[in-house]
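Trainee: Build me a structure from this.
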Amino acid sequence: MKCQRDSYESRETESPAVRVRRPGCQRNYLTQMGQALWRLPPRQQQQLQEELAEHLADRGEGGPREQGRDGGPQRRAPPHCHGPDIYHLLRTRIGGKERHRFIDLEMLPPELGITILSYLNATDLCLAGCVWQDLGNDEYLWQGLCKSTWGHCSIYNRRLPAGFSYRRLYLQLDEGSLTFNANPQEGIGYFMSKGILVDHPTELAKFIFYTRRLNWKMLRIYLDERRDVLDELVTLHNFSNQFLPNALRDFFRHIHAPEERGEYLETLITKFSHRFCACNPGLVRDLGLSPDAVYVLCYSLILLSIDLTSPHVKNKMSKREFIRNTRRAAHNVSDDFVGHLYDNIYLIGHVAA
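Mentor: Down below sits the predicted model:
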């Protein structure tokens, strides 16, 4: 028992650098070194990195060595290695009193460095630009951030002037979005004053359709005032080969439904009904649907969604009741089609959630 306790205590007190080199270890030395490296304090990380450098230098396998700048031997990379040498990637560089404990992206090929930074958001990319000025301020990275956040802007399709900066454009788009979320008219005016948008219903509708940074409440206020933009926004939806409840969910995902029934909700459903029939002429012909019938079905789906999802409604509407009530308003719709509508709401949920 004493021998086992001493062996256990020796394993607890010895450093990780000794443990990973234990002869009885079955796992690969380099794999253990890499896995243990990031879980250690900086001083032990430095110790492991120096030990790894010595191990890699000893694995020259008898090959020729070149003379370094200081006259000492310099390790030659194996002939099968391509790209940056792992020794230079893992070694800790010491320059003066400053220690760089992370891989310098400037040591990598520019394409690889840009690919790594492309996963950062705008805030992190600004911080990366403080370390790697050339990579962090690359125009391709900021262009990708602009177009991934604001999918359509009028300025994208124009010839860019000399000295144009996508980094500056990102800041302007972010400022305009914040302004829109406080006051829609001032926000659109800001975009137009900077030349980002053109005062045309189609351009404004595309900007709204491909942007997810706009507050839906302010967007509803703006679309209620600009019905011409609302018309263009509806035409951007493609409901081909979509089941009616799923198409209605997709519609309300871009154009949020009002909280109360009123003239604006009726306008939205009317425009949706005409657009759905225009996108599905074969379905309309086979099922005998019309914009008026789709209008009635949409209202039935909204009422059914409230009935099935609201905790205040104790007696839920049954499938038979929904079919009977819907057929009274839409005579040309079959019982099977109305039954599938009920199943969709029952299984998936509210159409305007």
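Trainee: Pull up the per-residue confidence for the residue most central in space within the chain.
Mentor: When CA atoms, centre = their mean is applied to the chain, the residue found nearest the centroid is S148 (8.4 Å). pLDDT, S148: 92.
Trainee: Next: P41.
Mentor: For P41, pLDDT reads 59.
Trainee: ok so, going back, does the residue nearest to the centre of the chain fall in a helix, a strand, or a coil region?
Mentor: helix (DSSP: H, G, I helix; E, B strand; the rest coil).
Trainee: Over to R159?
Mentor: With three-state DSSP as the basis, R159 sits in coil.
Trainee: Over to it: give its phi and psi.
Mentor: Here is the backbone geometry of R159 (degrees, to the nearest 10): phi -70, psi 120.
Trainee: Flag the shaky bits of this structure, pLDDT-wise.
Mentor: Across the chain, the ranges flagged by pLDDT under 70 are 1-103, 353.
Trainee: just the strands in this protein please.
Mentor: Along the chain, counting by DSSP state E, strands occupy 66-67, 73-74, 93-95, 98-100.
Trainee: So which elements touch the longest helix seen in the chain?
Mentor: Secondary structure of the chain per DSSP state H: the longest helix is helix 291-309. Packing partners of helix 291-309 (3 or more CB pairs under 8 Å, 6 or more residues apart in numbering; DSSP states H and E): helix 244-254, helix 263-279, helix 319-329, helix 335-348. (C-beta placed from N, C-alpha, C; glycine too.)
Trainee: who's in contact with it?
Mentor: 244-245, 248, 257, 269-270, 272-274, 276-277, 313, 316-317, 322, 325-326, 329-330, 332-333, 341-342, 345-346, 349-353 (CB atoms under 8 Å, 6 or more residues apart in numbering).
Trainee: Just the buried ones from the residues you listed, in PyMOL syntax?
Mentor: Only the buried entries of these go into this PyMOL selection, using 16 or more other CB atoms under 10 Å:
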select buried, resi 244+245+248+257+269+270+272+273+276+277+317+322+326+330+333+341+342+345+346+350+351+352
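Trainee: thinking again about what came up before, CSV for the helices and strands packed on helix 291-309, including distance to T309?
Mentor: Shown next, in CSV, are the helices and strands packed on helix 291-309 (distance: least, CB to CB, whole Å):
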stretch, distance to T309
helix 244-254, 13
helix 263-279, 18
helix 319-329, 14
helix 335-348, 9
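Trainee: L230: which of the ones you listed is closest?
Mentor: Nearest to L230, of all those, is helix 263-279, at 7.2 Å by CB to CB.
Trainee: For F252, give me its contacts.
Mentor: Taking CB under 8 Å, 6+ apart as the test, what F252 contacts is 351-352.
Trainee: typo on my end, V284
Mentor: If you count contacts by CB under 8 Å, 6+ apart, then V284 has 277, 290 around it.
Trainee: again, only using 6 Å
Mentor: By CB atoms under 6 Å, 6 or more residues apart in numbering, the contact set of V284 is C277.
Trainee: ok, it to A128 distance?
Mentor: 53 Å (CB to CB, to the nearest Å).
Trainee: One more: D228?
Mentor: Taking CB to CB, one finds D228 at 43 Å from A128.
Trainee: The two: which is more packed in?
Mentor: Remark: of D228 and A128, A128 carries more neighbours, 19 against 13, as counted by other CB atoms under 10 Å.
Trainee: Touching, the more buried one and G136? I think so.
Mentor: Yes. The pair A128 / G136 is scored as a contact, 4.3 Å apart, by CB atoms under 6 Å.
Trainee: neighbours around the closest residue to D199 other than its chain neighbours, how many?
Mentor: Nearest residue to D199, sequence neighbours excluded (CB to CB, 6 or more residues apart in numbering): M192, at 5.8 Å. Per other CB under 10 Å, the neighbour tally for M192 reads 15.
Trainee: Also S118?
Mentor: Count around S118 with other CB under 10 Å applied: 14.
Trainee: And it, its phi and psi?
Mentor: Dihedral pair for S118: phi -70, psi -10, per degrees, to the nearest 10.
Trainee: Check H331 too.
Mentor: Main-chain dihedrals, H331, degrees, to the nearest 10: phi -80, psi -30.
Trainee: where's it relative to D292, distance?
Mentor: Taken as CB to CB, the span from H331 to D292 is 11 Å.
Trainee: between those two, which one's more packed in?
Mentor: With neighbours defined as other CB under 10 Å, H331 and D292 compare such that D292 has more, 13 against 8.
Trainee: how close does that one sit to A122?
Mentor: In terms of CB to CB, D292 sits 48 Å off from A122.
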